[in-house]
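> Let me see the structure of the following:
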Amino acid sequence: MERIPITILAGSDHAPGHLPKTETELHSLSTAYKGAEVKVGDRPLIELLVERIEHSDGFGPITIAGPAAIYEPLGLKAEIVDTNGGIGVNLKAAFEHHQQRHGKKPLAILAYDVLLESGEFDEIRNLYEEDAPCAIWIPFVRKPEEEEELGAFAWKPTYALLPAKGEPPIPILPGHIGIVRLEEMRLSILYQLFDLAYKTRNHSVKTRKRVMVRSVIGKLLLYDLRALCSLQVPRLTLSVITNGVRIADRLRKGDLLIPELERAIAGIFLHHDSESNVAGKGVRHPIVDILSLGEDIDTEEEAADLQV
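This is a model prediction of the structure:
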């Protein structure tokens with residue numbers, strides 16, 4: 001099985017994550033560069049993360065997209081892409097670097113504030129093979145029935161998704177890894193929406209929908225105007241807004257089917273005529289039981305809860 005190149009997103013927007021009002025007893029992590037500054041024992045979090053990826057069979061080589069001044073002194077076995085903007089800027093730098101180095105190979109993108117075991121990376125790689133080839137593969141994490149299993153992470157917002165019609169909803173946490181095929185994606189839309197998603201993380205679905213629609217509508221209309229001038233069908237605004245609103249409304253109601261979500265995500269982020277989209281395998285969101293994949297570190301309490 002060929003290894004998939006992986007990039008760890010390790011920049012900073014220099015702003016602590018929003019915490020729900022009901023969690024005021026928690027303390028937002030003020031550390032700017034969690035990968036370097038959060039320690040597990042006496043070792044930086046990102047050092048352990050790189051080491052565990054290196055010892056896995058499914059992913060590599062490793063790249064870190066973040067400020068070189070912070071990560072180069074750590075002497076990690078990873079190439080550094082020097083970037084330190086918002087998540088859209090950092091994704092753009094990471095994607096361009098991957099395309100230069102690896103062409104059309106799939107790319108794995110990983111958050112820098114989760115800590116997985118090497119065996120968990122191998123499990124993720126095997127799960128991806130079950131759905132490949134697809135353009136976007138992002139797992140969700142099943143929330144355990146006993147919240148005590150989450151420890152300091154128990155406050156995290158969850159979403160209810162239905163695997164299929166007639167099946168009960170499953171509470172899930174966002175997974176913090178994705179595997180993508182860049183040539184099939186609308187990257188300029190992705191950069192802007194991911195910036196907005198990151199800025200509104202831990203907010204309500206209603207708030208996130210309002211911010212995103214208001215922020216992207218002008219750019220989408222401009223794209224469609226250009227398409228019209230080129231004698232192409234101007235369908236981007238309708239596709240992105242309709243699918244985005246559908247996701248937000250159904251998430252809030254708690255009756256969103258995963259296959260519907262996959263089709264909606266494809267309608268937003270994939271080129272209409274992309275190979276995976278045409279084949280009906282554009283986007284896959286499997287539900288996994290790898291709890292550490294949903295335990296991103298936003299608070300001082302979560303950082304203290306880390307164990308080797």
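> Where is the longest strand in this structure?
strand 59-66 (DSSP state E).
> mind checking how far it is from the chain centre?
Distance of strand 59-66 from the chain centroid (C-alpha atoms, centre = their mean, to the nearest Å) equals 15 Å.
> what's the answer for stretch 186-193, then?
Centre-to-centre, stretch 186-193 and its host chain are 13 Å apart (C-alpha atoms, centre = their mean).
> buried residues in that stretch?
Buried residues in stretch 186-193, counted by 16 or more other C-beta atoms under 10 Å: R186, L187, I189, L190, Y191, Q192, L193. C-beta: built from backbone N, CA, C; applies to glycine.
> go on, stretch 167-183?
Neighbour-count burial for stretch 167-183, counted by 16+ other C-beta under 10 Å, picks out I170, I172, L173, P174, G175, H176, I177, I179, V180, R181, L182.
> Kindly report the same for stretch 104-120.
Within stretch 104-120, the residues scored as buried using 16+ other C-beta under 10 Å are 106-116, 118, 120.
> Poorly predicted segments of this protein, please.
Applying pLDDT under 70 to the chain flags the ranges 13-24, 29-31, 194-246, 274-280, 307-308.
> tell me the centre residue of it?
By C-alpha atoms, centre = their mean, the chain has its centre lying nearest to H176, at 5.0 Å.
> Tell me how many other residues crowd the residue nearest to A108 when sequence neighbours are not counted.
Using C-beta to C-beta, 6 or more residues apart in numbering and skipping the chain neighbours, the partner closest in space to A108 is I6 (4.0 Å). Number of residues near I6 (other C-beta atoms under 10 Å) recorded here: 25.
> One more: the one 3 residues further on?
One way to gauge burial is a neighbour count; for L9, by other C-beta under 10 Å, it gives 24.
> Could you report the distance from it to D82?
Distance, L9 to D82, by C-beta to C-beta, to the nearest Å: 13 Å.
> Which strand or helix spans the residue nearest to A108?
strand 4-9 (DSSP states H and E).
> gap between the following helix or strand past that strand and the chain center?
Next in sequence after strand 4-9, counting helices and strands by DSSP H and E, comes helix 34-37. On the basis of C-alpha atoms, centre = their mean, the separation between the geometric centre of helix 34-37 and that of its chain is 19 Å.
> which strands and helices sit next to helix 34-37?
Applying 3 or more C-beta pairs under 8 Å, 6 or more residues apart in numbering; DSSP states H and E, we find helix 34-37 packed against strand 43-44, helix 45-54, helix 68-71.
> out of those, which comes closest to K165?
Closest to K165 of these, according to C-beta to C-beta: helix 45-54, at 37.8 Å.
> and A108, bridged to which residues?
The partner list for A108 in beta bridges (DSSP bridges) reads I6, I179.
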